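Trainee: Sequence and predicted model, in that order:
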Amino acid sequence: MTYVTFPAEKPLDFVAIGRLCIDLNANEINRPMEETMTFTKYVGGSPANITIGMARFGLRTAFIGKIADDQMGRFIADYLQRNRIETSNVVTDRTGAVTGLAFTEIKSPTDCSILMYRDNVADLKLTPDEVSEELIARSKVLLISGTALAQSPSREAVFQALHYAKKHGAVIVFDLDYRPYTWTSPEETAVYYNLAAEKCDILLGTREEFDMMERFDANPEHSDAVTAGKWFDYSAKIVIIKHGKEGSIAYTQDGVGHRAQSYPARVVKTFGAGDSYAAGFLYGVMQGWTLEKSMAFGSASACIVISSHSCSDAMPTAEQVHDYIERCNRGEVTAS
Ligand SMILES: Nc1ncnc2c1ncn2[C@@H]1O[C@H](COP(=O)(O)OP(=O)(O)OP(=O)(O)O)[C@@H](O)[C@H]1O
Ligand SMILES: O=C(O)C[C@@H](O)[C@H](O)C(=O)CO
């Protein structure tokens, strides 16, 4: 059954708008960052990671964002180009803004955290008039990521991109990606997340992220089915609630909940699961697969990334994901 129709005539498969940053992942893992002396540099930013994942699956992709006019910004732009991601709408800041840094702490495979340096970052300085209508008009999908709503003018740039996507018939995906340290208050977050979510066809978030959005609901039940049902009154066709190792559930407008279990994984770090899951799931539905097959593909993609040191570099190819699923089905992968 087809729950979302992607405009096949569009030459681009996928465009994302939002954060381009640098991950600095601790090399000395299984200890607090106070004891970490060296880090490995990777391109980061949740929407960037998802786009890199889609490119690794062989899709035609592009990115809308702003980078700093420095070595880190050029590192990011070069990495995107080397991964065949169109950067025609990646704008270079000229105000002296810097690149967001995400220092990642891996205390244990299940106790990871991110220390984000987000002051005066270039990615939040993208303006509405810098968003290319022509690029969005060429794409089947526009993905927005919640953190880009955290500050103006990036906030307005996202809403302008949403306007273009609606105008040109792109499928709109909202990866909630709630990062509290980027926001001034949960109330502000909920207001802007809800305004954006009303325009979106596919929503992906964790239970906690949807709970944040429901703070103004009268008597919120915070139950997955009720959460999903609320968004079908707007533009939503699919609402996915992710539950970490417990798997995920996708609701459709007919009220059916489609469940997916997680696969076993030898976890190095937990973050990156959501980005790789989103890329794998969206790839699957864009191939016309069932929701269950697409969710399983996303789940396996997530396992590959959380079993790796990086997020962006570790984004797998479709062949690697299929192979992982087959090895799990043969009982060759054990969880750690
Ligand atoms: N420990 C795990 N073992 C196996 N699979 C996992 C694990 N954690 C997450 N996953 C898979 O990844 C999917 C998304 O993970 P999660 O629910 O943690 O999203 P998220 O919080 O957005 O991720 P992130 O930590 O990147 O922000 C899950 O639905 C599951 O399929
Ligand atoms: O999105 C961020 O700013 C952090 C990411 O770069 C990091 O890779 C991560 O947390 C992935 O979800």
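Mentor: Nice, thanks for sending it over. Ligands and ions are numbered 1, 2, ... in the order given.

Trainee: now the strand or helix carrying L115, how far from the chain's geometric center?
Mentor: Per DSSP states H and E, L115 falls inside strand 111-117. Counting by C-alpha atoms, centre = their mean, to the nearest Å, strand 111-117 is centred 17 Å from the centre of its parent chain.

Trainee: and the first helix or strand past it going along the chain, what does it pack onto?
Mentor: Per DSSP H and E, the first helix or strand lying C-terminal to strand 111-117 is helix 133-137. Counting contacts by 3 or more C-beta pairs under 8 Å, 6 or more residues apart in numbering; DSSP states H and E, helix 133-137 packs against strand 12-17, strand 61-67, strand 85-92, helix 154-168. Using the backbone N, CA and C atoms, a C-beta is placed for each residue, glycine as well.

Trainee: first vs last residue of stretch 126-141, how far apart are they?
Mentor: 20 Å (C-alpha to C-alpha, to the nearest Å).

Trainee: Next, the buried residues of that stretch.
Mentor: L126, P128, E130, V131, S132, L135, I136, R138, S139, K140, V141 (16 or more other C-beta atoms under 10 Å).

Trainee: Touching that stretch from outside, list them.
Mentor: 6-8, 10-15, 17, 62, 64-66, 86, 88-89, 91, 142, 148, 153-154, 156-157, 159-161, 164-165, 167-168, 170-173, 282, 286 (C-beta atoms under 8 Å, 6 or more residues apart in numbering).

Trainee: cool, and stretch 314-322?
Mentor: So stretch 314-322 is in contact with 49, 52-53, 56-58, 272, 275-276, 279-280, 283, 297, 300-301, 304-305, 307-308, 324, going by C-beta under 8 Å, 6+ apart.

Trainee: again with stretch 71-84
Mentor: For stretch 71-84, the surrounding residues in contact (C-beta under 8 Å, 6+ apart) are 20-22, 41, 43, 48, 51-52, 55-56, 61, 63, 67, 87, 90, 92-93, 98-99, 122, 312.

Trainee: Near the closest residue to A26 other than its chain neighbours, how many other residues are there?
Mentor: Excluding its sequence neighbours, the residue lying closest to A26 (C-beta to C-beta, 6 or more residues apart in numbering) is T36, at 4.2 Å. Close neighbours of T36, defined as other C-beta atoms under 10 Å, add up to 18.

Trainee: Distance-wise, check T36 relative to N27.
Mentor: 7 Å (C-beta to C-beta, to the nearest Å).

Trainee: Now do the buried residues in the strand holding L115.
Mentor: Quick answer for strand 111-117 (16+ other C-beta under 10 Å): C112, I114, M116, Y117.

Trainee: Quick check: residues of the chain near ligand 1?
Mentor: Contact residues, the chain versus ligand 1 (C-beta under 6 Å from any ligand atom): 206, 242-245, 247-248, 262-263, 265, 267, 270-275, 277, 299, 302-303, 306.

Trainee: List the ones among the residues you listed that fall in strands.
Mentor: Among the residues of the chain next to ligand 1, the ones falling in strands (DSSP state E) are T206, K242, S248.

Trainee: For the first one, which non-adjacent residue is spatially closest?
Mentor: The spatial neighbour of T206 that comes closest, neighbours along the chain excluded (C-beta to C-beta, 6+ apart), is K242 at 5.0 Å.

Trainee: Where does the chain get nearest to ligand 1, residue-wise?
Mentor: G274 (2.3 Å; C-beta to the nearest ligand atom).

Trainee: and the gap between that residue and I85?
Mentor: G274 is 19 Å from I85, by C-beta to C-beta.

Trainee: What count of nearby residues applies to the residue in the stretch 151-300 of the chain that ligand 2 sits nearest to?
Mentor: Nearest residue of the stretch 151-300 of the chain to ligand 2: F271, at 4.0 Å (C-beta to the nearest ligand atom). Residues lying near F271 (other C-beta under 10 Å) number 20.

Trainee: cool, and the one 3 residues further on?
Mentor: Close neighbours of G274, defined as other C-beta under 10 Å, add up to 25.

Trainee: thought it was touching E208?
Mentor: No: with contact defined as C-beta atoms under 8 Å, G274 does not count as touching E208 (11.6 Å).

Trainee: Make JSON lines out of the buried residues of strand 111-117 and add distance to H222.
Mentor: Listed next are those as JSON lines, based on distance: C-beta to C-beta, whole Å:
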{"residue": "C112", "distance to H222": "25"}
{"residue": "I114", "distance to H222": "25"}
{"residue": "M116", "distance to H222": "26"}
{"residue": "Y117", "distance to H222": "32"}
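
Trainee: Tabulate the residues you listed (CSV), appending pLDDT and distance to A335.
Mentor: Converted to CSV, those look like this (pLDDT from 0 to 100; distance: C-beta to C-beta, whole Å):
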residue, pLDDT, distance to A335
C112, 92, 16
I114, 92, 23
M116, 92, 29
Y117, 94, 33
